[in-house]
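Visitor: Coordinates for the following, if possible.
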Amino acid sequence: MSNLFNMHTRCQIENLSILYQDEFIVAIHKPAGLLVHRSPIDKHETQFAVQITQNLINKKVYPIHRLDKATSGLLIFALDSDTARFLSDQFMQHTIQKTYQAICRGWVVESGYINHALKYKRDKVAEKLKREQLEPQTAETAYSCLAQTTINHTIGRYEQQRYSLVELKPKTGRKHQLRRHMNHIVHPIIGDVKCGDRHHNHFFNEWLGQHRLYLAATSLEFIHPCTLETMTIHAPLEDSFTLAQQKLNF
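Guide: Got it, this is the predicted structure:
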């Protein structure tokens, strides 16, 4: 068990890569399964994106946003406190354009907009919050279908299964927003153990021989803290995500 855990940890470190760096920011590709920073929910974890990045660039980094542990893709850190405040303000004001790709169950319509409030997700931290802070929060996501496919495999009474590759652009940043929104429109993201369809999740695990959430952060558009010009950083898809795309003929 220890050897398997060490192999998994090494794999995460090797799969984290620096995508961009200047005097003010560093952008990385975070692999699926790696926490951004220490969490009371995953006390057993010993490796974090913050720590690994600091070791790679030999500088302190300031987290300004996060990706769920199960989500792979683009993550940006500030390299000083002033930059952290500047970029954090953009995230709080929802002026940063975030783009994701997801593989979802069913054929998603060409494009659409989800405006569906989400209840605050209770956890150990939320339990300490006042009741009024737990009221449903506005949540908005734009989506568009990039590709559709049909797979010959029986699940339940259906002999064929439909899947879509979807681009997602969240306008707000609620906890598990994309996963909950896609489930709300009955197109859950494959690999989502909390909001998804376990039958399709099991099929993908067995078919591809890998277990992951098929959600990836692919780009961020923001105002650079020094030049004050609009900047866009892109992140490639992780190999495990690309393998699924190839198998689905996306």
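
Visitor: so where do the strands sit in this structure?
Guide: Taking DSSP state E, the strands of the chain run over residues 17-21, 25-30, 62-63, 72-78, 97-105, 111-115, 140-155, 158-170, 215-223, 230-234.

Visitor: got the contact list for the longest one?
Guide: It refers to strand 140-155. 101, 107-115, 159-172, 177-178, 181-182, 199-200, 203, 207, 248-250 (C-beta atoms under 8 Å, 6 or more residues apart in numbering). In short, each C-beta sits where N, CA and C put it, glycine included.

Visitor: rerun that using 6 Å as the cut-off
Guide: Here strand 140-155 makes contact (C-beta atoms under 6 Å, 6 or more residues apart in numbering) with 107-108, 110-115, 160-172, 181, 199, 248-250.

Visitor: With adjacent residues omitted, what lies nearest to the residue nearest in space to the middle of the chain?
Guide: The centre of the chain sits closest to Thr71, judged by C-alpha atoms, centre = their mean, with a distance of 3.4 Å. Nearest residue to Thr71 in three dimensions, chain neighbours excluded: Leu215, at 4.9 Å (C-beta to C-beta, 6 or more residues apart in numbering).

Visitor: Mark which of the contacts of strand 140-155 are buried, thanks.
Guide: Buried members of those, scored by 16 or more other C-beta atoms under 10 Å, are 108, 114, 161, 163-171, 181, 248, 250.

Visitor: with the residues you listed in mind, which one is nearest to Glu221?
Guide: Glu221 lies nearest to Lys169 out of these, by C-beta to C-beta, at 10.0 Å.

Visitor: How confident is the prediction for the closest one, by pLDDT?
Guide: As predicted, Lys169 sits at a pLDDT of 98.

Visitor: I figured Ala49 hits Val36, correct?
Guide: Yes: using C-beta atoms under 6 Å, Ala49 is in contact with Val36, at 4.9 Å.
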